[in-house]
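Enquirer: sequence? don't have it. structure:
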C-alpha cells in the first residue's frame with residue numbers, strides 16, 4: 001500500500017502515467033507539476049487530502065476538451081462545397097452547350113436570358129457583387145424559381161454559402177421589382193387590337209375594349225401574427241389575391257361585366273353545351289376574350305413552379321414581390337417578341353386553356369353606392385346593345 005504521508009508517493013500514486021492514460025482522452029496531464037496541491041479555499045501550504053487535486057485535474061481536462069471542441073467546430077471546418085464546377089463555370093457551360101439545357105435550367109432561351117441580364121444590369125442597378133457576376137446572380141434566381149429549389153440545393157449547384165445564395169436571390173428580386181414598375185402596366189397601343197379587329201365574333205361590338213380583366217389566387221403563407229381567416233380562399237387554404245375584377249363587380253365606366261345568373265365562366269363552356277339564351281351567347285363571346293388572361297396565368301405558372309406552391313420560409317413581403325418579379329419577366333419576353341417555348345405552345349393552340357394547377361380564379365365582392373348604380377345603368381345599356389347585335393347577326 002502506498003504511504004500517503006510521503007508527498008512523493010502521493011504525487012506518484014495519483015498522477016502516474018497509467019492513471020492519465022485511463023482518465024484523459026488527450027494522453028497526459030498538460031499541467032503536470034501544478035503547485036496548487038492544497039485546499040481549494042487555501043492558497044497556503046499543501047493538504048494531505050487527494051480530492052482537491054483530483055477536482056483540479058478534472059477541470060483542467062474539461063477546459064482542454066472544450067478548447068479542442070471549439071477548434072474542431074469553428075476553427076478547422078471542412079467545406080462541403082468542393083465541386084470543381086463553380087456556379088460561374090456552370091453558367092458558362094450552359095451558354096456554350098445545348099440550348100435545351102439552358103431552357104431546362106432557367107426556363108428561358110439563351111437570348112432571353114442574356115437580354116434579361118443586360119436589362120437588369122444597365123437599367124435597374126444590378127451589379128457585380130462579391131465577385132459574383134450579374135449573369136450568375138440572375139441564374140441563381142431563375143434556377144431557384146424554375147426548379148422550385150431550396151437554399152441547400154442552390155448552395156450545391158452554385159458552390160456558395162447559404163447566406164450568399166440568399167443575398168444574391170434578394171438582390172435580383174429587388175432589381176426585378178424595380179423593372180416591374182415599367183413592365184407590369186398597360187402598354188400604349190394604337191387602334192383596335194388585331195385579335196378583335198380580325199375576328200367577326202368580336203368586331204365591331206368589342207372594338208372599344210382595351211383589355212380583359214380576370215382574377216386569380218395563389219397559395220400563400222401569411223404571417224403567424226396575422227389572422228389566418230382573412231387569407232382563406234374558396235378552396236379552403238390561405239391564398240394571395242393577385243388580381244380580381246370581373247366575377248363579382250357590377251358594371252362600372254370602362255368595365256363590361258358578363259350577365260350574372262347565366263353561364264359565364266370558361267370551365268362551364270369547356271364542359272360542353274351550346275348557348276341556350278341571348279345572355280349565354282353574349283357571355284360565351286365575352287368569356288372567350290377573358291380566356292386570354294387564363295392563358296397568361298397558364299404560361300406564367302408553367303414557367304415558375306415555385307409560384308404555385310410558395311415555400312414556407314418566405315415572408316409574405318417576399319411572396320408578393322415574387323409575383324410581380326416573375327410577371328415582369330413574363331412581359332419582358334412577350335413584349336420583345338423573343339422566341340419562347342411556352343408562348344409558342346399557346347400561340348399554336350388558340351383554344352387551349354390550362355388546367356387549374358395551384359391557381360384559382362376569384363370572385364371578389366363588388367362596390368356599392370349611388371354612383372355605382374348610375375354606372376350600372378349606363379354599362380347595362382352598352383351590354384344590351386352588344387347582346388342584340390350579336391343575336392341579330394347570328395354571331396356564335
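Expert: Yes, it's here. Just so we're clear, the structure is a prediction, and the values are computed from it rather than from any experiment.

Enquirer: alpha carbons only for contacts and neighbour counts from here, please
Expert: Will do.

Enquirer: At which residues are the strands of the stretch 151-300 of the chain located?
Expert: 216-219, 239-243 (DSSP state E, counting those that start in this stretch).

Enquirer: Highest mean neighbour count out of those?
Expert: strand 216-219 (a mean of 21; mean count of other Cα atoms under 10 Å).

Enquirer: and of the strands of the stretch 151-300 of the chain, who's closest to residue 182?
Expert: strand 239-243 (18.1 Å; Cα to Cα).

Enquirer: and the closest one, which strands flank it?
Expert: Strand 239-243 pairs in its sheet with strand 216-219 (antiparallel), by DSSP bridges.

Enquirer: so for the strand it pairs with, what's the average pLDDT?
Expert: For strand 216-219, the mean pLDDT works out to 81.

Enquirer: Ok, stretch 313-321 next?
Expert: Mean pLDDT, stretch 313-321: 92.

Enquirer: Next, the buried residues of it.
Expert: 316, 319, 321 (16 or more other Cα atoms under 10 Å).

Enquirer: on that earlier part again, now the strands of the stretch 151-300 of the chain in a markdown table, please, with extra columns for distance to residue 336.
Expert: Listed next are the strands of the stretch 151-300 of the chain as a markdown table, based on distance: least, Cα to Cα, whole Å:
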| stretch | distance to residue 336 |
| --- | --- |
| strand 216-219 | 25 |
| strand 239-243 | 24 |
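
Enquirer: Quick check: which of these is nearest to residue 327?
Expert: strand 239-243 (10.9 Å).

Enquirer: what does the closest one rub up against?
Expert: By Cα atoms under 8 Å, 6 or more residues apart in numbering, the residues outside strand 239-243 that reach it are 214-221, 231-233, 320, 323.

Enquirer: Among those residues, pick out the one closest to residue 87, please.
Expert: residue 323 (25.6 Å).

Enquirer: In contact with the closest one, which residues?
Expert: 242, 307.

Enquirer: So for residue 340, what's the pLDDT?
Expert: 82.

Enquirer: what do you get for the one 10 residues further on?
Expert: On the pLDDT scale, residue 350 is placed at 63.

Enquirer: tell me which of the contacts of strand 239-243 is nearest to residue 89?
Expert: Using Cα to Cα, the contacts of strand 239-243 come closest to residue 89 at residue 323, 29.5 Å.

Enquirer: Please determine how far that closest one is located from residue 305.
Expert: According to Cα to Cα, to the nearest Å, residue 323 and residue 305 sit 12 Å apart.

Enquirer: Then residue 150?
Expert: Counting by Cα to Cα, the gap from residue 150 to residue 305 is 13 Å.

Enquirer: the more surrounded of these two?
Expert: The residue with more neighbours, out of residue 150 and residue 305, is residue 305; 18 against 15, by other Cα atoms under 10 Å.

Enquirer: phi, psi of that one?
Expert: Per-residue torsions, residue 305: phi -60, psi -30 (degrees, to the nearest 10).

Enquirer: Run a quick check on it versus residue 147, I expect a contact.
Expert: Yes - if you go by Cα atoms under 8 Å, residue 305 and residue 147 touch, sitting 7.0 Å apart.

Enquirer: who touches residue 304 in this structure?
Expert: 107, 145, 146, 147, 148, 326.

Enquirer: same check, this time on residue 162
Expert: 151, 152, 154, 155.

Enquirer: and if you look at residue 312?
Expert: residue 221.

Enquirer: I'd guess it is in a strand, am I close?
Expert: No - counting by DSSP: H, G, I helix; E, B strand; the rest coil, residue 312 is not part of a strand but coil.
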